[in-house]
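In: Sequence and predicted structure below; questions after.
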Amino acid sequence: MAKDADAHSTEDKEKREEIEARNSLDGMVYNIEKMLKDSGDKIQGAEKTEVEEVLAESKKVLEGSPSSADLKAAHEKLTHASHKLAEVMYKANAASATPGAAPGGETPPAEEAKKDEGVIDAEYVDVEDKK
């Protein structure tokens, strides 16, 4: 039995790589589809169509029985397209941010201090304890 395992170890390794590559690509396809569904209105033009085309190609690759090299190539192409998509989304979010707001939508500390001017920091001393 050990001899059989040694004889098929390379086949097992190749099959494992193929399964991992397929799962990785499938997960990425799902995430990109979800991103397009959730934020598709923020993305316009050539970037969106390019990502949709690469997404369709990746789905075709998943439908067949490709090698792990084909799956990895499709994953790389989809990763590159998703980076462009993320860049466009980041720029769209930055453009829609309110002026004076820090990146990430947080308010700067100076504006927080203006909001909290009514708060007075004081110490309390109990006079009865001293008697």
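Out: That came through, no problem. Residues are numbered from 1 along each chain as shown.
In: After the helix or strand harbouring Tyr30, which helix or strand is next? Please name it.
Out: Tyr30 belongs to helix 9-39 when assigned by DSSP states H and E. Moving toward the C-terminus from helix 9-39, the next helix or strand (DSSP H and E) is helix 46-63.
In: residues making contact with that next one?
Out: Residues from elsewhere that reach helix 46-63, judged by C-beta atoms under 8 Å, 6 or more residues apart in numbering: 22, 25-26, 28-29, 32-33, 36, 40, 43, 70-71, 74-75, 77-78, 81-82, 84-85, 88. Yep, even glycine has a C-beta here, placed from its N, CA and C like the rest.
In: List the buried residues of it.
Out: 48, 51-52, 54-55, 58, 61 (16 or more other C-beta atoms under 10 Å).
In: For the helix holding Tyr30, name the packing helices and strands.
Out: Secondary-structure packing of helix 9-39 (3 or more C-beta pairs under 8 Å, 6 or more residues apart in numbering; DSSP states H and E): helix 46-63, helix 68-96.
In: Rounded mean pLDDT for that helix, please.
Out: Per-region confidence: helix 9-39 scores 88 on mean pLDDT.
In: Could you check the angle it makes with helix 46-63?
Out: 140 degrees (axes from the mean of the first three to the mean of the last three C-alpha atoms, to 10 degrees).
In: Which positions in helix 9-39 come out as buried?
Out: Under the neighbour-count criterion of 16+ other C-beta under 10 Å, helix 9-39 has 18, 21-22, 25, 28-29, 32, 35-36 buried.
In: Fine by me, thanks again.
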